[in-house]
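In: Here's my sequence, what's the structure:
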Amino acid sequence: MTTTGLDGRSVIVTGAGSGIGRATALAFAAEGARVVVADLNAEGAETVVKEITTAGGTAVAVTGDLSEQAVVDQVTATAVERFGGVDVLVNNAGIMDRMSAVAEVSDAEWERVIRVNLTAPFLLTRAVLPHMLEAGKGAIVNTASEASLRGSAAGAAYTASKHGIAGLTKSLAVMYRDKGIRANAIAPGGTKTGIVVDIEAGSQGPAVLGGYMRNVGQPAEAEEQAAAIVFLASDAASNINGVILPVDNGWAAV
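Out: This is a model prediction of the structure:
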């Protein structure tokens with residue numbers, strides 16, 4: 001019988017102070033993993049660490065903007081120094097755009113969304129890979145999106161960033177599959193996370209997208225997304241590599 005094999009492993013979860021990230025950090029800790037809780041919000045990160053340690057688990061918080069190399073280095077160093085390496089990386093942190101169509105996207109919106117949603121996961125993945133390669137094993141799970149599968153689930157910047165995450169995931173899977181490293185992603189549909197989208201009234205993007213959003217269906221709980229992430233990182237998924245797994249109540253099938 002295959003088990004998760006996560007007991008004692010060192011896991012980094014980004015965006016772990018709330019939503020899917022929080023649920024994921026708690027789920028890994030429940031499997032016996034030692035978790036680096038990385039988040040921009042210090043209070044949220046520390047609260048999750050307290051939840052884990054109160055339940056008898058092991059966790060440490062690192063706060064900062066993961067689009068900055070210094071923060072990426074700190075997160076990686078913390079995992080290596082406190083827990084002996086990096087067995088699992090979950091690139092979950094991300095932000096929404098304003099559902100803007102291409103002609104409406106400002107430079108600031110584009111650059112921030114791409115920086116947080118795509119560049120930051122690249123930077124952290126690049127930082128942890130030497131440690132995984134040295135160990136000869138590792139699992140990377142990225143949070144893509146329904147917007148990585150279609151053009152009708154978000155604005156231009158977010159859609160481009162999440163298509164980029166899907167491509168990054170597949171490239172990692174091909175490049176490192178013979179080195180004992182797997183890379184997969186989940187593609188969440190509607191999920192109860194408390195994220196509020198700042199939509200500009202009367203803009204083209206939301207007007208067009210509104211007609212498609214009726215296909216979302218029943219939103220998932222954050223814990224349902226976390227369960228898929230933990231599975232993909234676990235030994236139970238040992239031969240699954242390069243997959244973008246929709247967790248969307250069938251939205252991708254519509």
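In: Give me the distance from the helix or strand residue 60 falls within to the chain's centre.
Out: Under the criterion of DSSP states H and E, residue 60 resides in strand 58-63. Computed by CA atoms, centre = their mean, to the nearest Å, the chain-centroid distance of strand 58-63 equals 17 Å.
In: What are the boundaries of the strands in the stretch 1-150 of the chain?
Out: Counting by DSSP state E, counting those that start in this stretch, the segments of the stretch 1-150 of the chain that form strands are 10-14, 34-39, 58-63, 88-91, 138-143.
In: if we compare the ones you listed, which one ends up closest to residue 212?
Out: Among these, the nearest to residue 212 by CB to CB is strand 138-143 (21.0 Å). Where you see a C-beta, it was placed from the backbone N, CA and C, and this is true even at glycine.
In: now the angle from that closest one to strand 10-14?
Out: Angle of strand 138-143 versus strand 10-14, following axes from the mean of the first three to the mean of the last three CA atoms, to 10 degrees, is 20 degrees.
In: now for strand 138-143, which elements pack on it?
Out: strand 88-91, helix 120-135, helix 156-176, strand 181-188, helix 222-233 (3 or more CB pairs under 8 Å, 6 or more residues apart in numbering; DSSP states H and E).
In: looking at this protein, which helix or strand does the model trust least?
Out: In the chain, the helix or strand scored least confidently by mean pLDDT, DSSP states H and E is helix 204-209, which has a mean of 82.
In: Using CSV, write out every CA atom in it.
Out: What follows is helix 204-209, C-alpha atoms only, in CSV (Å, rounded to 0.1, in the frame of the first residue of the first chain):
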residue,chain,number,x,y,z
GLN,A,204,-14.3,45.7,-21.4
GLY,A,205,-12.7,42.8,-19.6
PRO,A,206,-15.4,42.2,-16.9
ALA,A,207,-18.2,42.8,-19.4
VAL,A,208,-17.0,40.0,-21.7
LEU,A,209,-15.9,37.6,-18.9
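In: Tell me which residues are up against it.
Out: 98-101, 103-104, 152-156, 199-200 (CB atoms under 8 Å, 6 or more residues apart in numbering).
In: Tell me which residues of that helix come out buried.
Out: Residues of helix 204-209 classed as buried: 205, 206, 209 (neighbour count, 16 or more other CB atoms under 10 Å).
In: And stretch 175-191, by the same measure?
Out: Applying 16+ other CB under 10 Å to stretch 175-191 flags 176, 181, 182, 183, 184, 185, 186, 187, 188, 189, 190, 191 as buried.
In: same deal with stretch 30-41?
Out: 30, 31, 33, 34, 35, 36, 37, 38, 39, 40.
In: I'd say the last one and residue 75 touch.
Out: By that I understand residue 40. No: the pair residue 40 / residue 75 is not scored as a contact, 11.8 Å apart, by CB atoms under 8 Å.
In: Identify the contacts common to those two.
Out: With CB under 8 Å, 6+ apart, residue 40 and residue 75 have common neighbours 64, 66.
In: Can you tell me the closest non-neighbouring residue to residue 136?
Out: Leaving aside its sequence neighbours, residue 136 sits nearest to residue 180 (CB to CB, 6 or more residues apart in numbering; 4.6 Å).
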